[in-house]
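>>> Here is a sequence together with a model predicted from it:
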Amino acid sequence: MTNVYIISAPSGSGKSTLVNELRKIVPGLDFSISYTTRPRRGSEQNGREYFFVSRQQFDEMVRERMFLENAEVFGKCYGTAKRFLEQAQKSGNDLLLDIDVQGAAQIKKKFPQAVSIFVLPPNRQTLEWRLRNRGLDAEDVVQRRLITASREIENYDKYDYILINDRLEDSVEALKAIVLAERLQRSGKTLSADEAKNPQIAEQYKLRNVRERVKPILASFVTTPVSGGE
Ligand code: ADP
Ligand code: 5GP
């Protein structure tokens, strides 16, 4: 059976970096390439990071019921095509979805068994620094992303696992352990001593075990200035 993993995070938290690293080290994990109406950024290529489509094309896909979920984020449309799940099911792989909180809620409703992971930055200042350093967005966009981030992170408690992306190597290991732990547990097979380490590591990142660690992160976002337009 195909396991569906959802990964969400405020923009700039390091989700793309983590997903790319994870895909290198975990076999049998397909990645869904979303459709979006937003323009290409930096070195992005059509069909690699996203399928870049017009609003008309997107609306047509919605009408044709081609999406598993779709949502509007930052005023642009994003959607997960059903065919990625079908392909994963056919090839016996798991599927990883990099989608926002609205999409995650839609998927969880359709597939309660889906595993959801929320990536948090260590604090607001680090997020701001990473957004600027990434060099993809103009300053007004960085500010808008920070305001949106404070709203998005309030949804952290709707997720199964919370990953605070501080040291990259630790986060990649944690993400790998979560994916493998869920895969192994659902396979029903007896775990070897080595495999049994994954559920132990993953357990540390379950929502119930991170609440105290998340508090100061949420507090660091409370100082976000409120924009008149938002
Ligand atoms: P997202 O996909 O969540 O928008 P990115 O993966 O593009 O975020 O990461 C934002 C920036 O932060 C990038 O420049 C990336 O190299 C950097 N970054 C990601 N994870 C870490 C980390 N653990 N420590 C330091 N920098 C990081
Ligand atoms: P970005 O434009 O920075 O790549 O992504 C903006 C946001 O859209 C991120 O939170 C990302 O997870 C989300 N996103 C990307 N693809 C999809 C999708 O197919 N569906 C939904 N709901 N959100 C998506």
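Yep, it's here. Keep in mind that this is a model prediction, so the values were computed, not measured. Residues are numbered from 1 along each chain as shown. Ligands and ions are numbered 1, 2, ... in the order given.
>>> close to ligand 1, is stretch 149-160?
No - Stretch 149-160 lies apart from ligand 1 when judged by C-beta under 6 Å from any ligand atom; the minimum separation is 9.9 Å. Backbone N, C-alpha and C define where each C-beta goes, glycine included.
>>> ok, V115 - how many residues close by?
Close neighbours of V115, defined as other C-beta atoms under 10 Å, add up to 23.
>>> excluding its backbone neighbours, what's nearest S91?
D30 (7.3 Å; C-beta to C-beta, 6 or more residues apart in numbering).
>>> in stretch 183-203, what's buried?
Neighbour counts over stretch 183-203 (16 or more other C-beta atoms under 10 Å) mark R183, L184, E195, N198, P199, A202 as buried.
>>> Quick check: which of those residues has the minimum pLDDT.
When the buried residues of stretch 183-203 are sorted by pLDDT, the bottom entry is E195 at 86.
>>> Quick check: which element contains the closest residue in space to that residue that isn't next to it in sequence?
Using C-beta to C-beta, 6+ apart and skipping residues adjacent in sequence, the residue nearest E195 is L184, 5.5 Å away. Here L184 sits within helix 168-187, counting by DSSP states H and E.
>>> list the buried ones in that helix?
Buried, per 16+ other C-beta under 10 Å, within helix 168-187: 171-172, 174-184.
>>> can you put these in a markdown table and add distance to ligand 1?
Compiled in a markdown table, the buried residues of helix 168-187 are given as follows (distance: C-beta to the nearest ligand atom, whole Å):
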| residue | distance to ligand 1 |
| --- | --- |
| S171 | 6 |
| V172 | 9 |
| A174 | 11 |
| L175 | 11 |
| K176 | 14 |
| A177 | 16 |
| I178 | 16 |
| V179 | 17 |
| L180 | 20 |
| A181 | 21 |
| E182 | 21 |
| R183 | 23 |
| L184 | 26 |
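>>> now the residues you listed as a markdown table including distance to I99?
A markdown table is the format used below for the buried residues of helix 168-187 (distance: C-beta to C-beta, whole Å):
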| residue | distance to I99 |
| --- | --- |
| S171 | 19 |
| V172 | 20 |
| A174 | 20 |
| L175 | 16 |
| K176 | 20 |
| A177 | 22 |
| I178 | 17 |
| V179 | 16 |
| L180 | 21 |
| A181 | 21 |
| E182 | 18 |
| R183 | 20 |
| L184 | 24 |
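>>> chain center to the helix holding L184, what's the gap?
Here the centre of helix 168-187 is set off from its chain's centre by 14 Å, with C-alpha atoms, centre = their mean, to the nearest Å.
>>> Pull the contacting residues for R55.
T37, C77 (C-beta atoms under 8 Å, 6 or more residues apart in numbering).
>>> Kindly provide the distance from it to V141.
Plainly put, R55 is 20 Å away from V141 if you go by C-beta to C-beta, to the nearest Å.
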